[in-house]
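Chemist: heads up, no residue letters with this:
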């Protein structure tokens with residue numbers, strides 16, 4: 001199964017409007033503004049979640065010259081992202097990346113907009129689209145020289161996730177290795193808390209992908225790398241206990257999964273208990289992450305109990321059931337209840353899948369059609385992208401059909 005917490009993590013990364021700055025100055029909601037009054041106005045509106053007013057602020061500050069056109073468009077893109085208007089969000093991010101020839105003065109804004117543009121595609125499960133947006137931006141990253149690692153690492157990991165979802169393990173491995181090397185080079189020259197967090201996050205994300213692909217030996221290598229950084233990380237972030245707790249909890253969970261996959265059941269149980277002792281494990285997000293280990297350990301009843309909160313999770317974060325989320329949340333919930341012998345609950349979840357599937361498929365088709373119509377004019381390219389998307393859709397359909405057949409039989 002795919003890791004559920006990635007959904008929320010991605011949104012939180014997008015919501016953070018900081019960027020490549022290290023150190024402990026991360027209180028700003030939006031960066032790059034020289035006028036402290038303008039910065040304060042934006043931060044106040046963000047904290048109040050006054051998104052319509054933020055659009056007015058972006059227009060006003062651009063007119064007064066306190067926001068560059070690029071920074072104003074990124075702000076608008078962030079606002080529409082929070083409003084879940086993905087089309088408008090991408091439109092404003094794309095304005096900043098349009099010609100892929102950024103000037104030295106705005107190249108960091110170009111990289112930020114490019115990463116966010118690719119990430120919105122990722123959130124929509126348009127992994128090919130995310131790769132198309134990320135690749136030209138990443139090609140420009142190294143022209144900055146030193147100080148460009150934040151967006152470089154972010155783009156590398158985003159591309160790794162996309163290639164992993166698309167069944168391209170070799171490409172994903174190259175992306176992962178590049179992200180890790182870039183993060184460690186960054187850490188060599190800057191050992192601030194932000195950089196340490198990014199380096200540990202890279203190792204955590206890669207170990208998660210390896211576990212998803214059942215490559216448990218490789219996963220353990222990345223778990224150990226994350227663990228080796230954890231003492232320095234915990235010391236650097238000691239004033240923020242939530243970040244330390246969440247990060248160390250995920251390292252423990254990944255160790256439990258990798259050890260279980262390697263047949264090291266005693267080590268796996270110790271690591272899982274360490275995860276359960278964390279505050280993160282008791283949150284909705286943490287509870288939905290527990291089946292990562294429980295399914296490997298064939299503790300299906302416990303996994304099914306964890307999935308009981310899926311609907312509340314979706315409502316809390318305002319998510320719709322996309323095809324990807326049906327595959328990542330509802331089908332694992334169905335499978336866990338089946339394997340736990342809870343056929344009544346399994347039938348209920350199967351009925352839920354049939355209810356949300358049609359609307360999910362409709363949104364998928366509309367999104368794909370709009371993307372093709374907006375961005376691509378070359379017929380040959382359209383046919384290639386459409387075929388790739390149809391192949392992914394067909395795989396999802398088969399997965400759903402097989403699981404439903406199991407319930408009916």
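Modeler: Thanks, I have the structure now. All figures in this text were calculated on a predicted structure; none of them were measured in a lab. Residues are numbered from 1 along each chain as shown.
Chemist: For this structure, name the helix or strand with the lowest mean pLDDT.
Modeler: Least confident element among the helices and strands of the chain, by mean pLDDT, DSSP states H and E: helix 5-15 (a mean of 41).
Chemist: downstream neighbour of that helix in the secondary structure list?
Modeler: Next in sequence after helix 5-15, counting helices and strands by DSSP states H and E, comes helix 36-47.
Chemist: for the next helix or strand after that following helix, packing partners?
Modeler: Using DSSP H and E, the next helix or strand after helix 36-47 towards the C-terminus is helix 51-64. The helices and strands touching helix 51-64, judged by 3 or more C-beta pairs under 8 Å, 6 or more residues apart in numbering; DSSP states H and E, are helix 36-47, helix 69-82. All C-beta spots, glycine's among them, are computed from the backbone N, C-alpha and C.
Chemist: So which bits of helix 51-64 are buried?
Modeler: Within helix 51-64, the residues that qualify as buried by neighbour count (16 or more other C-beta atoms under 10 Å) are 51, 54-55, 57-58, 61-62.
Chemist: hmm, back to that, among the helices and strands packed on helix 51-64, which is the most enclosed?
Modeler: Each of these was scored by mean neighbour count; the highest is helix 69-82, a mean of 22, by mean count of other C-beta atoms under 10 Å.
Chemist: now that helix, how far from the centre of its chain.
Modeler: For helix 69-82, the distance from its own C-alpha centre to the chain's C-alpha centre is 19 Å (C-alpha atoms, centre = their mean, to the nearest Å).
Chemist: Go ahead and name everything in contact with it.
Modeler: 14-15, 17, 30, 32-33, 42, 49, 51, 54-55, 57-59, 61-62, 67, 86, 88-93, 95-96, 106, 109-110, 112-113, 116-117, 120 (C-beta atoms under 8 Å, 6 or more residues apart in numbering).
Chemist: how does it look with 6 Å?
Modeler: If you take C-beta atoms under 6 Å, 6 or more residues apart in numbering as the criterion, helix 69-82 is touched by 32, 51, 54-55, 58, 62, 88-89, 92-93, 95-96, 106, 109, 113.
Chemist: quick one: which of these is nearest to residue 353?
Modeler: Closest approach to residue 353 among these (C-beta to C-beta): residue 89, at 28.5 Å.
Chemist: what packs against the helix or strand where that closest one lies?
Modeler: Applying DSSP H and E as the criterion places residue 89 in helix 86-97. Other elements packing on helix 86-97 under the criterion 3 or more C-beta pairs under 6 Å, 6 or more residues apart in numbering; DSSP states H and E are helix 69-82, helix 107-123.
Chemist: Show me what the mean pLDDT comes to for it.
Modeler: Mean pLDDT, computed over helix 86-97, is 93.
Chemist: Tell me what angle that helix forms with helix 51-64.
Modeler: In terms of direction (axes from the mean of the first three to the mean of the last three C-alpha atoms, to 10 degrees), helix 86-97 departs from helix 51-64 by 20 degrees.
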